[in-house]
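Asker: Need a 3D model of the following:
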Amino acid sequence: MALKPEVVFVLGAPGAGKGTQCKKIVDNFGFIHLSAGDLLRAERNTPGSQYGELIENHIRNGTIVPVEITCRLIEEAMKAASSNKFLIDGFPRNKDNLDGWNNEMGEKADVKFILFIDCSVEACVERCLKRGAEGSGRSDDNIKSLKKRFRTFHEDTLPIVKLYSEKGMVLKVDGAEDPETVFGQIQELFQKHS
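Answerer: Numbers count the residues shown, from 1 in each chain. As a prediction, the model looks like this:
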């Protein structure tokens, strides 16, 4: 029987540096990076996708795509991967996501911990607007979408971090530092826990 995939959820506010740090973890620790947002954006852009329009509406409105769709895309990406260790970035974003993950994937994958990249709203907004100005191609890197995304993060995602924290399964780093300093913190944690 194949080994269950090992999963680290990577959570943080929009612009906290999840994507940047995931790249560094992949390069140094042999994980495969699955971004829930990237998977959804790729599906949205796939010609003839039955979910494309639905996904775009959720992304533009800063709301959360139905969990069954996200779990299906994550599972397909895991099956196609060459490794058994995954960083899933930007997921679970709310209680519904977590319940859906537990129902769909709870028996199929082993969640090791959450890497929580904590960063001030001010720093995150500045990074997202800069990324948008530099042509990120993301329809949600603007102040109107960001306000909705931060509300969603505070109301829906932080309770997930708190829930896992109560189980002793959250490793937290300060995302406000420069990327190399943040990765230094992450490296120490991954050497101990992964």
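Asker: quick one: contacts for residue 66?
Answerer: With contact set as C-beta atoms under 8 Å, 6 or more residues apart in numbering, residue 66 has these partners: residue 54. C-beta coordinates here come from the backbone N, C-alpha and C atoms, glycine included.
Asker: List the buried residues of stretch 146-157.
Answerer: The neighbour-count check on stretch 146-157 (16 or more other C-beta atoms under 10 Å) flags 146, 149, 150, 152, 153, 156, 157 as buried.
Asker: oh sorry, the question was meant for stretch 13-31
Answerer: 13, 14, 15, 16, 17, 18, 19, 21, 22, 24, 25, 31.
Asker: Need the residues that contact it.
Answerer: Stretch 13-31 is contacted from outside by 8, 10-12, 32-33, 35, 83, 85-87, 89-90, 115, 117-119, 121, 123-128, 131, 140, 146, 149-150, 153, 175, 179, 182-183, 186-187, 190, 194, using C-beta under 8 Å, 6+ apart.
Asker: Now residue 183. Nearest residue, chain neighbours left out?
Answerer: Nearest non-adjacent residue to residue 183, counting by C-beta to C-beta, 6 or more residues apart in numbering: residue 24, 4.7 Å away.
Asker: any idea which helix or strand carries the one you found?
Answerer: Residue 24 belongs to helix 18-29 when assigned by DSSP states H and E.
Asker: what's the following helix or strand after that helix?
Answerer: Downstream of helix 18-29, the next assigned helix or strand under DSSP H and E is strand 32-35.
Asker: centre of the chain versus that following strand, how much separation?
Answerer: Strand 32-35 sits 8 Å away from the centroid of its parent chain (C-alpha atoms, centre = their mean, to the nearest Å).
Asker: same thing with stretch 179-190?
Answerer: Computed by C-alpha atoms, centre = their mean, the chain-centroid distance of stretch 179-190 equals 17 Å.
Asker: check contacts around the nearest residue to residue 92 once chain neighbours are set aside.
Answerer: Of all residues not flanking residue 92 in the chain, residue 98 sits nearest, at 4.2 Å (C-beta to C-beta, 6+ apart). Residues in contact with residue 98 (C-beta under 8 Å, 6+ apart) are 92, 160, 163.
Asker: so where's this protein shaky on pLDDT?
Answerer: Across the chain, the ranges flagged by pLDDT under 70 are 1-2.
Asker: Go through it and flag its longest helix.
Answerer: Longest helix in the chain by number of residues, with DSSP state H as the criterion: helix 179-193.
Asker: Let me know the angle separating that one from helix 18-29.
Answerer: In terms of direction (axes from the mean of the first three to the mean of the last three C-alpha atoms, to 10 degrees), helix 179-193 departs from helix 18-29 by 50 degrees.
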